[in-house]
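Novice: sequence first, then the predicted structure:
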Amino acid sequence: MLSLAAHQGASVAEKITKDCPLAIRGLTVSYGQKPAVFSVDMTVQPGAMTAIIGPNGAGKSTLLKAALGIVSPLSGQVSVFGEPLEKQRARIAYVPQRASVDWDFPTRVIDVVLMGLSRELGLLGRVRARHMSRAMDCLNRVGMRDFADRQIGQLSGGQQQRVFLARALAQDADLYLLDEPFAGVDAATEKAIIAVLKSLKEAGKTVVVVHHDLATVTDYFDHVFLINTRKVAEGTVAEAFTAETLQSAYGGRLATAQIDQISRALG
Amino acid sequence: MLWDALTLQLGYNATLVAIGATLLGISAGVTGTFLFLRKRALVSDAISHATLPGVCLGFMALVAFGGDGRNLIGLLAGSAVSAWVGLLCMNWLTRHTRLAEDAAVGAILSVFFGLGIVLLTVIQTMGVGRQAGLEGFLLGSTAGMLWADALVIAIGGAATLLLVMIIRRPMTMVAFDPEYAAARGLPVHRIDLAMMGLVMAVTVVGLKIVGLILIVALLIIPPVTARFWTDRSGRVVLLAGLAGGLAGYLGAAMSASAPNLPTGPIIVLVSFGFFALSLLLAPVRGVLAAVLRQLRFQRRVHIRQGLLALAQGQKIYEPLTLRLLRRAGFARADGVATEIGKARAAKALRDEKRWEIVRADQMHEATAALYDGLRDIETVLTQDQIAEIDRQIGGPQEVLA
């Protein structure tokens, strides 16, 4: 299972079945002449909570965006629930980085959550009571019900992140991809988000999170995917989140003391 | 005279122009809103300048084939083609080179406009009769507007408006969060192109009335004006349409009420008038509101600080604080608290403690977000909730306001 950069680009014989929420094969994405992600294979386990971990600029977000077709790869294949991305897009919910939008945009919290229902509403469909109540439910799940009518610019960073999560929840998807949801949020928000993610997992959904805080990996996740442009390791936390793989992913950037601390925590 | 113009009693031509300008104003305001929300307002300037070569080439083609060089549909079709070419060039520059969009806008705008001016000069030296009037497309010329011209504007404007209404949701989603829109499978680039295509349609339709140099004002000023009055994108769209339509109508009427007043520039000035009023007077985002809010806030801060100082028996040095406390009857001229002042001071101190508890409690998060150090706590919590908090604080209960 554990592969220390072993089979980059090697063909994978295993059959990708309908059970596999997200399978990536030989993915290379490059901005200009410099690959951000190079020949990466990834197989997300169904019903698992997976953390994508790696140093700054390791291609974590790029991997996620390529999986969603937001950036186009130089090579590689993405399959979602055993089919091409376009066929299964409705089953994926994406939570982008908070900083990627302008929060002075003239819109209310509830309107943002209703964007999660855009497929059902269609081009001209009216927002009906059932749509509203579903959107309010989702806000309630992230503890933001009282904020429904506020302009989004009035929210704190953590609250903004929870609104983004509520929008994803409204899609009622099977696979959730989150890009740094814990970056720069308060402790209360982190608790609220992790509670929602765990409830998704309990409901049999698959959750993949780009994560930067090594200290919380063992608490929050059961699977990890280590990346530094190339895949470093993939597997359960016990298998793939070790001092050795971390050293390999982060190189000299991670202090030895920190690694010791983590490996002690892992026992 | 102005009244006659406003009630459309100033003759056939003036009425046609007023109706055309109103429709143009509405569709420009509505369409421009999406450009504004997408933060690509200046793209419209490049598109509009890129129409000029097409107008000239259209004229040449019409004349070459023996037609009437001033056929409006022919000229507008030519302008649409060259604007579309300009749009595609600009799109290509931004997507496939390292040029930023502002540089691409500058490049396309100047090159196409330069080419247009050259062609205009060539036409003037060609010696073909009836070419006079092409310059009218620069700043608009409504003097000789025909029924057919008005019809073209009305149909073009209405069609644009209809299309905008149909794709308003995807356009809003792309404007707010293009990555999320892409993740949902929306064709972001094609939606952007459609949005700019609609802007191009408005530009082409508006050539006759406001001209290519000033159409950008009708696309941008109404949404900016509308943004002052609301925080909801749907309402920005409606208000921008209203502001644009009104500016078109009033501007056309005013220019008809006196001889030799140019229609397009007057419409733009009226539009600017709405913008200036909104900038000053809008209730939340306006300048006046901001100044008043700041002053009121400053006074509340001073009174609050003063009360807290009184409650803790500290001396007040700040003259403004002292003056405000005295005027409110909370303190005497020597800075000693009055009876009312003492009660209010005790209440202020207690409220601080209550807020501390509210802010530490995740249950009260929406309330805690309202904390500004000034607000009376009973305006945001019920008496029961306050009593519960007071139980947590403990101590004497008699200061409950």
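Specialist: Done, it's in.

Novice: for stretch A:79-94, buried residues please.
Specialist: Using 16 or more other C-beta atoms under 10 Å in any protein chain shown as the test for burial, stretch A:79-94 gives A:79-81, A:85, A:88-89, A:91-94. All C-beta atoms are positioned from the backbone trio N, CA, C, and that covers glycine.

Novice: now do that stretch: distance from first to last residue.
Specialist: Distance between the two ends of stretch A:79-94: 16 Å, counting by C-alpha to C-alpha, to the nearest Å.

Novice: centre of the chain to it, how far?
Specialist: Here stretch A:79-94 is found 14 Å from its chain centre; the criterion is C-alpha atoms, centre = their mean, to the nearest Å.

Novice: what residues are up against B:L134?
Specialist: By C-beta atoms under 8 Å, 6 or more residues apart in numbering or on different chains, the residues touching B:L134 are B:55-56, B:59, B:120, B:123.

Novice: just those residues now: which is nearest B:A253?
Specialist: B:V55 (27.3 Å; C-beta to C-beta).

Novice: wait, is that closest one part of a helix?
Specialist: Yes - counting by DSSP: H, G, I helix; E, B strand; the rest coil, B:V55 is part of a helix.

Novice: helix or strand: which one has B:T230?
Specialist: If you go by DSSP states H and E, B:T230 is not part of any helix or strand.

Novice: quick one: pLDDT of the nearest residue to it once chain neighbours are set aside?
Specialist: Of all residues not flanking B:T230 in the chain, B:V236 sits nearest, at 5.9 Å (C-beta to C-beta, 6 or more residues apart in numbering or on different chains). Note for B:V236: predicted pLDDT of 97.

Novice: cool, and B:Q397?
Specialist: 52.

Novice: can you tell me how far the nearest residue to B:R95 once chain neighbours are set aside sits from chain A?
Specialist: Leaving aside its chain neighbours, B:R95 sits nearest to B:H189 (7.8 Å; criterion: C-beta to C-beta, 6+ apart). In this structure, B:H189 and chain A are 11 Å apart, going by C-beta to the nearest C-beta, to the nearest Å.

Novice: and the next helix or strand past the helix or strand hosting B:H189?
Specialist: Using DSSP H and E, the element containing B:H189 is helix B:188-206. Next along the chain after helix B:188-206, taking DSSP H and E as the criterion, comes helix B:211-227.

Novice: just the CA atoms of that following helix, as PDB, please.
Specialist: Taking Å, rounded to 0.1, in the frame of the first residue of the first chain, the C-alpha atoms of helix B:211-227 are listed here in PDB:
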ATOM      1  CA  GLY B 211     -21.800  56.800 -29.800                       C
ATOM      2  CA  LEU B 212     -18.900  54.400 -29.200                       C
ATOM      3  CA  ILE B 213     -16.900  56.700 -27.000                       C
ATOM      4  CA  LEU B 214     -19.600  57.300 -24.400                       C
ATOM      5  CA  ILE B 215     -21.500  54.000 -24.400                       C
ATOM      6  CA  VAL B 216     -19.100  52.700 -21.700                       C
ATOM      7  CA  ALA B 217     -20.600  55.300 -19.300                       C
ATOM      8  CA  LEU B 218     -24.100  53.900 -19.800                       C
ATOM      9  CA  LEU B 219     -22.800  50.400 -19.100                       C
ATOM     10  CA  ILE B 220     -20.800  51.200 -16.000                       C
ATOM     11  CA  ILE B 221     -22.300  54.200 -14.200                       C
ATOM     12  CA  PRO B 222     -25.800  52.700 -13.600                       C
ATOM     13  CA  PRO B 223     -24.500  49.600 -11.900                       C
ATOM     14  CA  VAL B 224     -22.100  51.600  -9.800                       C
ATOM     15  CA  THR B 225     -25.000  53.900  -8.900                       C
ATOM     16  CA  ALA B 226     -27.200  51.000  -8.000                       C
ATOM     17  CA  ARG B 227     -24.600  49.300  -5.800                       C
END
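
Novice: report all helices and strands that the following helix or strand past it contacts.
Specialist: Toward the C-terminus, helix B:211-227 is succeeded by helix B:233-257 as the next helix or strand (DSSP H and E). Packing contacts for helix B:233-257, counted by 3 or more C-beta pairs under 8 Å, 6 or more residues apart in numbering or on different chains; DSSP states H and E, involve helix B:2-6, helix B:12-37, helix B:168-176, helix B:211-227, helix B:263-281.

Novice: phi first, then psi, for A:T43.
Specialist: phi -130, psi 110 (degrees, to the nearest 10).

Novice: ok, which residues in the stretch 1-150 of chain B are in contact with chain A?
Specialist: Contact residues, the stretch 1-150 of chain B versus chain A (C-beta under 8 Å from any C-beta of the partner chain): B:37, B:39.

Novice: which stretches of the stretch 1-150 of chain B have low pLDDT?
Specialist: B:1, B:127-132 (pLDDT under 70).

Novice: for it, which residue gets nearest to chain A?
Specialist: Proximity of the stretch 1-150 of chain B to chain A (C-beta to the nearest C-beta) peaks at B:L37, 7.0 Å away.

Novice: neighbours of that residue, how many?
Specialist: Residues near B:L37, counting by other C-beta atoms under 10 Å in any protein chain shown, number 24.

Novice: B:V55: what's it in contact with?
Specialist: By C-beta under 8 Å, 6+ apart, the neighbours of B:V55 are B:75, B:78-79, B:82, B:116, B:134, B:137, B:207.

Novice: cool, B:L238 as well?
Specialist: Applying C-beta under 8 Å, 6+ apart, we find B:L238 in contact with B:A226.

Novice: could you rerun that using 10 Å?
Specialist: Shown in contact with B:L238 (C-beta atoms under 10 Å, 6 or more residues apart in numbering or on different chains): B:29-30, B:33, B:226, B:230, B:232.

Novice: what subset of the residues you listed is buried?
Specialist: For these, buried by 16+ other C-beta under 10 Å: B:29-30, B:33, B:226, B:230.

Novice: state the helix or strand in which the closest residue to B:L193 other than its chain neighbours lies.
Specialist: The shortest distance from B:L193 to any non-neighbouring residue, by C-beta to C-beta, 6+ apart, is to B:N91 (6.9 Å). Assigned by DSSP H and E, B:N91 falls within helix B:72-96.
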